[in-house]
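# build me a structure from this.
(4 chains)
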There are 2 protein chains.
Amino acid sequence: MSFRGINNLTLDTKGRMAMPSRYRERLQEICGGRVVITVDQDHCLLVYPLPEWEIIENKLVNLPSLNKQARLLQRLLIGYATECEIDSQGRVLLPPMLREFAGLNKKAVLIGQGKKFEIWDEDAWTESQGEWVESVKNGDDDLPAALEELSL
Amino acid sequence: MSFRGINNLTLDTKGRMAMPSRYRERLQEICGGRVVITVDQDHCLLVYPLPEWEIIENKLVNLPSLNKQARLLQRLLIGYATECEIDSQGRVLLPPMLREFAGLNKKAVLIGQGKKFEIWDEDAWTESQGEWVESVKNGDDDLPAALEELSL
DNA sequence: TGGCTTTATCCCACTATTTCCCACTTTCCT
DNA sequence: AGGAAAGTGGGAAATAGTGGGATAAAGCCA
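Purely as a prediction, here's the structure:
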């Protein structure tokens, strides 16, 4: 019941992106084609089915307002979160500000990530992938506890 | 049932700001177009639907009067709070003092934040965003527990 | 106190943007 | 190879944004 897989796709001149057809039926079931798109710290976009997003948003709004980190997170995640509807051709219109944030122009990459999707600019994706492979190979990250005990 | 999303918008010469149309119906329902605008510690403005504000104001009024922080908060938030009405074109007139406080001139950014909105001067917003990216990159790791275990 | 000046609010009209829909091209499956 | 489904592009109508002007209100000075 999970979104997986990677797709190369193109945005048209109006910033619309065609969802791969294999996801459409599922999205229709889960959320009637209503998704929420927001930003990620790695400068890609996240696409959540509406109900899934609401769970996350709930967690976010209940963070303590006095904490600076929390406020920044709220501002970015909730601030950029935009509800979008999949049109009759199976496309979503990506709002200009979100496209800008992720540096998206023509060529993009869509990645299934369980409950959500990620959208990357193709170049950014290629680059980030290289970096990631490097850093895992070198083992140069201090892993938090949850990662240390992760078994793949 | 929550306000979200980001919009670039412009103030006209009279200091009026057009609310994005997608929020108007909701605002009409909730508060008949009556909102309360006040200031935030980060030098942006906060916009609350009237009933929502009254809850907040109540909390503020009941803070311990001897505490210095509390008194400052009260003075700022309650002091600057101004009731404004959305006009027939869907615009709110931002009072001069509030515009001044947030350093607003022509270009502004409106972000949905659940029960309220925030209004930023465009430059201030851009800057604040850079700060966020910085702080994530540097891994300022004194995150509160609530943030540590947040799964998006 | 009356009239004049200044400020604020309301309303109308133009421009830009968005959204919706239709049609063509391409690809994949039978 | 033919048909169907998916991807792509573009155009037109509706809607939202913006600016300006007119009317009403309020303050001020004579």
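
# so what's the residue count around A:Arg24?
14 (other Cβ atoms under 10 Å in any protein chain shown). For every residue, glycine as well, the C-beta is placed using N, CA and C.

# regarding A:Asp59, what is its secondary structure?
Careful, residue A:59 is Lys; it's not Asp. Three-state assignment for A:Lys59 (DSSP: H, G, I helix; E, B strand; the rest coil): helix.

# any idea how far the residue nearest to it when sequence neighbours are not counted is from DNA strand D?
Distances taken as Cβ to Cβ, 6 or more residues apart in numbering or on different chains place B:Leu150 nearest to A:Lys59, at 6.3 Å, with adjacent residues excluded. Distance, B:Leu150 to DNA strand D, using Cβ to the nearest atom of the strand, to the nearest Å: 32 Å.

# ok, how many other residues are close to B:Leu150?
16.

# that one against A:Glu57, yeah?
No. B:Leu150 is beyond contact range of A:Glu57, at 11.9 Å (criterion: Cβ atoms under 8 Å).

# check the offset of the helix or strand of chain A with the lowest mean pLDDT from the chain's centre.
The helix or strand of chain A with the poorest confidence is helix A:145-148; it has a mean of 72 (mean pLDDT, DSSP states H and E). Mean-position distance between helix A:145-148 and its chain equals 23 Å (Cα atoms, centre = their mean, to the nearest Å).

# kindly report the same for stretch A:85-101.
For stretch A:85-101, the distance to the chain centre is 13 Å (Cα atoms, centre = their mean).

# can you list the buried residues in it?
When neighbours are counted by 16 or more other Cβ atoms under 10 Å in any protein chain shown, the buried residues of stretch A:85-101 are found to be A:86, A:90-95, A:97-99, A:101.

# surely A:Glu52 is in a helix?
Yes. Counting by three-state DSSP, A:Glu52 is part of a helix.

# what about A:Gly103, how many neighbours?
13.

# the buried residues of stretch A:85-101 in strands, which ones?
With strands taken from DSSP state E, the overlap with the buried residues of stretch A:85-101 comprises A:91-93.

# looking at the residues you listed, which one is closest to chain B?
A:Leu93 (13.1 Å; Cβ to the nearest Cβ).

# residues touching the closest one, list them.
A:14-16, A:84, A:87 (Cβ atoms under 8 Å, 6 or more residues apart in numbering or on different chains).

# what subset of these is buried?
Looks like the contacts of A:Leu93 have A:15, A:84 buried, using 16+ other Cβ under 10 Å.

# reformat the contacts of A:Leu93 as a markdown table; add pLDDT and secondary structure.
Output for the contacts of A:Leu93, formatted as a markdown table (pLDDT from 0 to 100; DSSP: H, G, I helix; E, B strand; the rest coil):
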| residue | pLDDT | secondary structure |
| --- | --- | --- |
| A:Lys14 | 93 | coil |
| A:Gly15 | 94 | coil |
| A:Arg16 | 95 | strand |
| A:Cys84 | 95 | strand |
| A:Asp87 | 92 | coil |
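
# if we can go back for a sec, how about JSON lines for the buried residues of stretch A:85-101, with pLDDT added?
What follows is the buried residues of stretch A:85-101, written out as JSON lines (pLDDT from 0 to 100):
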{"residue": "A:Ile86", "pLDDT": "94"}
{"residue": "A:Gly90", "pLDDT": "93"}
{"residue": "A:Arg91", "pLDDT": "95"}
{"residue": "A:Val92", "pLDDT": "96"}
{"residue": "A:Leu93", "pLDDT": "96"}
{"residue": "A:Leu94", "pLDDT": "96"}
{"residue": "A:Pro95", "pLDDT": "95"}
{"residue": "A:Met97", "pLDDT": "93"}
{"residue": "A:Leu98", "pLDDT": "95"}
{"residue": "A:Arg99", "pLDDT": "94"}
{"residue": "A:Phe101", "pLDDT": "93"}
